[in-house]
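>>> here's my sequence, what's the structure:
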Amino acid sequence: MRNHVKQRLKEGKVAVGSWISILNEDVSRILAKSGLDWILYDTEHGPPSFETVDRLVHSVSDLGALPLVRVVWNDINAIKQALDTGAFGIVIPWINSKEEAKNAVTYCKYPPEGLRGCAPGRAASAWRITTEEYIKTVNEEILVIVQIETKKAVDNIEDILTVEGIDATFIGPMDLSMSMGYRGQPYHPEVVKAEDKVLEACKASGVAPGIAFGRNIEHLNELIEKGFRFVGIGSDIQFLQTGCSETLNKINRENLANPF
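You can find the predicted model right below:
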């Protein structure tokens, strides 16, 4: 399987990744080669145009971490454009029902399984294969990730997970906490209880459970120990800030005993 993230998830292994906010090829390439399993370009809450996403996806597609795209909505046109960049997977926000989940999967697949329009040239180029190979394999290779980020979605989770073709869920703790009435409290016990319900439903259905972020490294390890398998462990900005802060904290800038 060309999509090693999808393969890891099928085997019950953990696939960790980073959100990308700095729209620079060098930054993306550094993270793609760092040992991460995936990197995610965000067109829902982020500023990149598809021209930018296309350029970034092509720059990293053979470096290790697979490029994924979060689309702005569960929309056939948005998903088509994102896939045509050569992304190896799509994160679809705000999935609340079985019908919406069916649509999401359908939009990601070529006929007869789906409704995706066929213009495979750019995507095949990013995958470093021929258009014929891309058309033949892509329906099986594309990673389809649905975001669970509302109380309604949690209530409907067992029904949502009956849809064939969903590879992973991706809990959005901030939106979920907002939906549940705990604004700005993504770690509220009731929110955690809702996340656990999604986790258990995923385990029962054979869909990889995912979550967008954790509080810190210790919390991320706790989430993985619980059973989350598709896990966002940070962002390019966060890694840059953390690395700089940790270094500065270890540098003694006050020792002026021998200034010359």
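
>>> neighbours around the residue nearest to Leu68 when sequence neighbours are not counted, how many?
The shortest distance from Leu68 to any non-neighbouring residue, by C-beta to C-beta, 6 or more residues apart in numbering, is to Gly89 (4.2 Å). All C-beta atoms are positioned from the backbone trio N, CA, C, and that covers glycine. Neighbourhood size, Gly89 [other C-beta atoms under 10 Å]: 26.

>>> wait, doesn't Gly89 sit right on Val71?
No: the pair Gly89 / Val71 is not scored as a contact, 11.0 Å apart, by C-beta atoms under 8 Å.

>>> what's the pLDDT at the residue nearest to Leu68?
Here, the pLDDT recorded for Gly89 equals 98.

>>> show me what contacts it?
Asn3, Val5, Lys6, Trp38, Leu66, Leu68, Val69, Ile142, Leu143, Val144, Ile145, Asp167 (C-beta atoms under 8 Å, 6 or more residues apart in numbering).

>>> without its sequence neighbours, what residue ends up closest to the first one?
Think Asn3. Glu141 (4.5 Å).

>>> and the helices in the stretch 1-150 of the chain, which stretches?
Using DSSP state H, counting those that start in this stretch, the helices found in the stretch 1-150 of the chain span residues 4-10, 25-32, 50-60, 76-84, 98-108, 121-127, 131-141.

>>> kindly reformat those helices as CSV containing mean pLDDT.
Output for the helices of the stretch 1-150 of the chain, formatted as CSV (pLDDT from 0 to 100):
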stretch, mean pLDDT
helix 4-10, 97
helix 25-32, 98
helix 50-60, 97
helix 76-84, 98
helix 98-108, 98
helix 121-127, 97
helix 131-141, 97
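
>>> now those helices as JSON lines including mean neighbour count?
Conversion of the helices of the stretch 1-150 of the chain to JSON lines gives the following (neighbours: other C-beta atoms under 10 Å):
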{"stretch": "helix 4-10", "mean neighbour count": "19"}
{"stretch": "helix 25-32", "mean neighbour count": "18"}
{"stretch": "helix 50-60", "mean neighbour count": "19"}
{"stretch": "helix 76-84", "mean neighbour count": "20"}
{"stretch": "helix 98-108", "mean neighbour count": "21"}
{"stretch": "helix 121-127", "mean neighbour count": "19"}
{"stretch": "helix 131-141", "mean neighbour count": "16"}
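
>>> for those, give me TSV that also has distance to Asp159.
TSV is the format used below for the helices of the stretch 1-150 of the chain (distance: least, C-beta to C-beta, whole Å):
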stretch	distance to Asp159
helix 4-10	21
helix 25-32	36
helix 50-60	32
helix 76-84	22
helix 98-108	5
helix 121-127	32
helix 131-141	24
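
>>> which one of those helices lies nearest to Ala208?
helix 4-10 (4.0 Å; C-beta to C-beta).

>>> may I have the closest one as CSV, with CA atoms only?
Output of helix 4-10 as CSV, limited to C-alpha atoms (Å, rounded to 0.1, in the frame of the first residue of the first chain):
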residue,chain,number,x,y,z
HIS,A,4,1.6,4.1,4.8
VAL,A,5,-0.6,6.1,7.2
LYS,A,6,-3.7,4.1,6.2
GLN,A,7,-1.8,0.9,6.5
ARG,A,8,-0.6,1.8,10.0
LEU,A,9,-4.1,2.5,11.1
LYS,A,10,-5.4,-0.7,9.6
